[in-house]
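>>> Build me a model from this:
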Amino acid sequence: MKRKNILFIMADQMAAPMLPFYGPSPIKLPNLSRLAAQGVVFDAAYCNSPLCAPSRFTLVSGQLPSKIGAYDNAADFPADVPTYAHYLRRLGYRTALSGKMHFCGPDQLHGYEERLTSDIYPADYGWAVNWDEPDVRPTWYHNMASVLQAGPCVRTNQLDFDEEVVFKAQQYLFDHIREDGDQPFCLTVSMTHPHDPYTIPKPFWDLYDDNDIPLPTTPPQADLDPHSQRLLKVYDLWDKPLPVNKIRDARRAYFGACSYIDSNVGKLLQTLEDTGLADDTIIIFSGDHGDMLGERGLWYKMHWFEMAARVPLLISAPGQFAAGRVTAAVSTADLLPTLVELAGGELDPRLALDGRSLVSHLRGQGGHDEVFGEYMAEGTISPLMMIRRGAYKFIYSEDDPCLMFDVKNDPHERENLSQSPEHRPLFEAFLSEARAKWDIPAIHQQVLASQRRRRLVFEALTQGKLKSWDHQPLVDASQQYMRNHIDLDDLERKARFPQPCQNQ
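Numbers count the residues shown, from 1 in each chain. Here you go, the predicted model:
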């Protein structure tokens, strides 16, 4: 049986609780809503680390951050860690990446045969966190300019990037069908919206009215947990209330950016239709983490609350799985074993994974209902871990008070159950499990050692001749368009799809 192609589409910083296929929402997503209606929707999908690089490294490798050194946005991703791209290449797939994956270090492929674009973020170690100086705020940390400057625009750095990402992905699909189309492909298309800065062109801004924009719930700073309080200081918001109109502008632009992502998804889906690939392609849509969007007074990500940690996850496989919903807690670490199983392959049992295949869920047969998460980056002073199982979420730290929420009955996480007498046995069970699973002092020392090494290396590499690790896509202009060493009639015929009859 011919193996299905795989189109894996990613958005950046897309908060699942805000999306219309997860509940009432003013956000307009016609293409994604159609994909959700015909596919399987995972209602409780989580990232395994609420920050770009650690989340993505876990997603592509199926391993938790502490297993692979994915501590922060400047963590080196080791070249010997197998990714889903490696597994699928062994199974005979063409593997390509168009867009962002935030790989840090000299290996910028990690199993992909091709990267169609460069990355929007740097590949060096410049964004390493420094636990040796926890009270020092580096200049590259998030600040509130993304909110204070929110509004409509004509063009941005992020728009330049995503336009290229989608164009190159469409060209890849056209080239696949024009060349031979027999070898299955796995194409990952990773856009940077709706990640801040919160700005978007007017056609998407104008999809919404100020009256459409719900404002967040903001408790007093003094009532926040210690990690949340540190985050306010990380992005320079402590004792600096934001104007209500800028909060509304930021959320309106974010909603527009989600609609922009949806528009691009529509372009990719239409390209599958135009090339005749739609019936032979499994489509996956997900993200790396969410965005607090002012809820609890917090912005961006970097915490384990639902707005920051829950991600969209839709899987549509023509003729393989019935449309439906999965309520169990799963994570993006589960995607590697899922992709391998969907491709007809097997995992190497000698190489341990934290992720577990979602195929039994896709078949409506049930499966695991459990997620583990690790966060060791901005705002932390030591590892901040998470267990999500059944109705409950447990947030574990040895330096801050632990938190526990019943996210089924309290989806906005208003009531911290860690001090509830009724829930004390469950809290103690979670705490014992977390302490057995994670050796926090050892992980703390690993993180510190990694931070110190990377700071030294980064400082050294800024001196003298610069050798960039940033990916440079190769373009051979001698093989593009019309060239006199190529038969022009043959070139035009091969570039046309569908091709004309041979006798014309």
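>>> In the stretch 151-300 of the chain, where is pLDDT below threshold?
Segments of the stretch 151-300 of the chain classed as low confidence (criterion: pLDDT under 70) are 181.
>>> again, only this time at 90
Under the criterion pLDDT under 90, the flagged ranges of the stretch 151-300 of the chain are 179-182.
>>> Spell out the residue ranges of the strands in it.
Defined through DSSP state E, counting those that start in this stretch, the strands belonging to the stretch 151-300 of the chain, from first to last, are 151-153, 185-190, 199-201, 281-287.
>>> mind listing what the last one pairs with, with the direction of each?
Meaning strand 281-287. strand 5-11 (parallel), strand 313-316 (antiparallel) (DSSP bridges).
>>> That strand to strand 185-190, inter-axis angle?
Orientation note: strand 281-287 sits at an angle of 20 degrees relative to strand 185-190 (axes from the mean of the first three to the mean of the last three CA atoms, to 10 degrees).
>>> next helix or strand past strand 281-287?
Elements were assigned by DSSP states H and E; along the chain past strand 281-287, the next helix or strand is helix 306-309.
>>> Using the record's assignment, carve the protein into domains.
Domain assignment of the chain by the TED database yields the ranges 5-380+455-495, 384-437.
>>> Can you classify Phe42 as helix, strand or coil?
Secondary structure for Phe42, judged by DSSP: H, G, I helix; E, B strand; the rest coil, is strand.
>>> what sits opposite the nearest residue to it once chain neighbours are set aside in the beta ladder?
Distance criterion CB to CB, 6 or more residues apart in numbering; nearest residue to Phe42, sequence neighbours excluded, is Leu313 at 3.9 Å. In short, each C-beta sits where N, CA and C put it, glycine included. With DSSP bridges as the criterion, the beta-bridge partners of Leu313 are Ser286.
>>> Ile443 is nearest to which of the domains of the chain?
Across the domains of the chain, the minimum distance to Ile443, taken as CB to CB, is reached by domain 5-380+455-495, at 5.3 Å.
>>> any idea where the helices of the stretch 101-250 of the chain begin and end?
Under the criterion DSSP state H, counting those that start in this stretch, the stretch 101-250 of the chain carries helices at the ranges 145-148, 157-179, 202-205, 226-234, 244-274.
>>> Redo those helices as CSV? Include mean neighbour count.
Putting the helices of the stretch 101-250 of the chain into CSV (neighbours: other CB atoms under 10 Å) gives the following:
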stretch, mean neighbour count
helix 145-148, 18
helix 157-179, 18
helix 202-205, 16
helix 226-234, 19
helix 244-274, 21
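>>> okay if I get the ones you listed as CSV plus distance to Asn130?
Written out in CSV, the entries for these read as follows (distance: least, CB to CB, whole Å):
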stretch, distance to Asn130
helix 145-148, 22
helix 157-179, 26
helix 202-205, 38
helix 226-234, 12
helix 244-274, 28
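>>> so which of the strands of the stretch 151-300 of the chain gets nearest Arg94?
For Arg94, the closest of the strands of the stretch 151-300 of the chain is strand 185-190, at 4.3 Å, according to CB to CB.
>>> how about low-confidence regions in this structure?
Applying pLDDT under 90 to the chain picks out residues 1-2, 134-142, 179-182, 318-319, 474-504.
>>> center of it - which residue?
Centroid check for the chain by CA atoms, centre = their mean gives Asp288 as the closest residue, at 1.6 Å.
>>> nearest residue to that one other than its sequence neighbours?
By the measure of CB to CB, 6+ apart, the closest residue to Asp288 outside its immediate chain neighbours is Ser55, 4.3 Å from it.
>>> Perfect, I'm done here.
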